[in-house]
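**Q** sequence unknown, structure follows:
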């Protein structure tokens with residue numbers, strides 16, 4: 001393999017040749033992430049907010065577009081979710 005071939009293949013992205021079949025492009029990754037995000041927004045929480053722990057409340061908040069601070073009390077997090085949900 002010549003130096004020029006190595007250089008051009010490096011610019012095009014290693015390895016040389018066809019891309020691997022198990023590799024997803026960034027566009028495919030973004031589309032999969034968006035589809036998963038839409039699915040999570042459609043489904044309400046499986047258990048009541050009062051039975052969730054702080055970590056679960058934070059994850060649920062992210063699905064509805066709300067960033068919560070786990071350093072706050074659980075009651076405060078539930079109140080924030082309630083205010084955001086309407």
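**A** Yes, it's here. Since the structure is predicted, the reported quantities are computational estimates derived from the model, not experimental observations. Numbering: from 1, shown residues only.

**Q** so where do the helices sit in this structure?
**A** Along the chain, the segments classed as helices by DSSP state H run 3-12, 26-42, 54-63, 74-85.

**Q** just those: most buried one?
**A** helix 54-63 (a mean of 16; mean count of other Cβ atoms under 10 Å). The way it works is simple: take the backbone N, C-alpha and C, and place the C-beta from them, glycine included.

**Q** ok, the most centrally placed residue in the chain to residue 5 distance?
**A** Computing the C-alpha centroid of the chain and ranking residues by Cα atoms, centre = their mean puts residue 33 first, at 6.0 Å. Applying Cβ to Cβ, to the nearest Å, the value for residue 33 to residue 5 is 36 Å.

**Q** over to residue 80?
**A** Taking Cβ to Cβ, one finds residue 80 at 58 Å from residue 5.

**Q** got it, and residue 73?
**A** Distance from residue 73 to residue 5, by Cβ to Cβ: 62 Å.

**Q** so what secondary structure elements neighbour the helix-or-strand element of the chain with minimal mean pLDDT?
**A** Least confident helix or strand of the chain, by mean pLDDT, DSSP states H and E, is helix 26-42 with a mean of 74. Judged by 3 or more Cβ pairs under 8 Å, 6 or more residues apart in numbering; DSSP states H and E, helix 26-42 is in contact with helix 54-63.
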